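>>> Below is the sequence, then the predicted model.
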Amino acid sequence: AQSVTQLGSHVSVSEGALVLLRCNYSSSVPPYLFWYVQYPNQGLQLLLKYTSAATLVKGINDFEAEFKKSETSFHLTKPSAHMSDAAEYFCAVRKSGNTPLVFGKGTRLSVIA
Amino acid sequence: KAGVTQTPRYLIKTRGQQVTLSCSPISGHRSVSWYQQTPGQGLQFLFEYFSETQRNKGNFPGRFSGRQFSNSRSEMNVSTLELGDSALYLCASSTGTSGPTDTQYFGPGTRLTVL
């Protein structure tokens, strides 16, 4: 069965600092991986997705993630945090075909001025 | 293009009642998935409908049901509400036809509170 582990339920960074949110997956087949962001009282917005075309994936708002098969990881990074990045971030995996997304528990990002 | 809409946004019910939530997908999308989000269990998949047929189902009791209409709009129903059903219910739409990288677009959710 597929699963996703997000290390750290809460991450706090200073404005302008590097953002690193960790995601490790477990899948018996090559996975398809996604990062979503959720702002308070809103639904989920897709940040980026890994489709096996390239291991470094660029998303919206300067976020990017690197797929590392040897480490079974898909960590999300952003060079410089903005106050507006404060939100909950979810990593998700999908096995194949039209199967459901399986989400991690989420990481709440706080940005300190 | 209009996004995914969910109605109502907020709902308060009492134990034992039933509730119906509605989701209108993005125009042209034929797949609608439902997820339950709670602080304790996180995001859990309920079911997916594609072209009026349930294609996938999560591990929820039979009190949770859904359907999809010919215009792709979907409803989910929860009967005999329990306190533990209090959650944010999210609907996601996608084309449903392009495989594992098919992007799911989420609505704002319906916040259900059971008293």
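Received the coordinates, thanks.

>>> do you know how far A:Val4 is from A:Thr77?
Between A:Val4 and A:Thr77 the distance is 17 Å, computed by C-beta to C-beta, to the nearest Å. To be clear about C-beta, it is placed using only N, CA and C from the backbone, and glycine gets the same treatment.

>>> These two: which has the busier surroundings?
The neighbour count for A:Val4 versus A:Thr77, taken as other C-beta atoms under 10 Å in any protein chain shown, is higher for A:Val4 (22 against 14).

>>> Show the backbone phi and psi for the closest residue to that one other than its chain neighbours.
Beyond its immediate neighbours in the sequence, the residue positioned closest to A:Val4 (C-beta to C-beta, 6 or more residues apart in numbering or on different chains) is A:Gly104, lying 3.9 Å away. When quoted as degrees, to the nearest 10, the phi and psi of A:Gly104 stand at phi -80, psi 180.

>>> Now do the contacts for A:Gly104.
With contact set as C-beta atoms under 8 Å, 6 or more residues apart in numbering or on different chains, A:Gly104 has these partners: A:4-6, A:23, A:90-92, B:42.

>>> give me that answer again for 7 Å
When contacts are counted by C-beta atoms under 7 Å, 6 or more residues apart in numbering or on different chains, A:Gly104 touches A:4-6, A:23, A:90-91.

>>> List only buried entries from those.
If you count burial by 16 or more other C-beta atoms under 10 Å in any protein chain shown, the buried members of the contacts of A:Gly104 come out as A:4, A:6, A:23, A:90-91.

>>> Give me the subset of these lying in helices.
Secondary structure of these is defined by DSSP state H; no position falls in helices.

>>> quick check, nearest of the residues you listed to chain B?
Within the buried ones among the contacts of A:Gly104, the smallest distance to chain B is 6.6 Å, found for A:Phe90 (C-beta to the nearest C-beta).

>>> The closest one contacts A:Gly43, correct?
No. Counting by C-beta atoms under 7 Å, A:Phe90 does not reach A:Gly43; the two are 11.3 Å apart.

>>> I'd like to know how far the most centrally placed residue in chain A sits from B:Leu81.
Here the mean C-alpha position of chain A is nearest to the C-alpha of A:Trp35 (C-alpha atoms, centre = their mean), at a distance of 3.6 Å. Per C-beta to C-beta, A:Trp35 is found 33 Å from B:Leu81.

>>> How about B:Arg111?
14 Å.

>>> Kindly report the same for B:Val4.
Applying C-beta to C-beta, one obtains 24 Å for the distance of B:Val4 from B:Leu81.

>>> go on, B:Gly40?
Look at B:Gly40 and B:Leu81: by C-beta to C-beta, they are 17 Å apart.

>>> of these two, who's got more company?
Applying other C-beta under 10 Å to B:Gly40 and B:Leu81 shows that B:Leu81 carries more neighbours, namely 19 against 7.

>>> partners of B:Gln44 in the sheet?
Here B:Gln44 sits in beta bridges with B:Gln36, going by DSSP bridges.

>>> check contacts around the residue nearest to the centre of chain A.
Residues in contact with A:Trp35 (C-beta under 7 Å, 6+ apart) are A:47-48, A:59, A:65, A:76, A:89, A:91.

>>> what do you get for B:Arg67?
Applying C-beta under 7 Å, 6+ apart as the definition, the contact partners of B:Arg67 turn out to be B:74-75.

>>> can you pull the buried residues of the helix or strand containing it?
Taking DSSP states H and E as the criterion, B:Arg67 maps to strand B:64-68. Going by neighbour count (16+ other C-beta under 10 Å), the buried part of strand B:64-68 is B:64-66, B:68.

>>> Keep only those that also lie close to chain A.
Of the entries in the buried residues of strand B:64-68, none also sits close to chain A under the rule C-beta under 7 Å from any C-beta of the partner chain.
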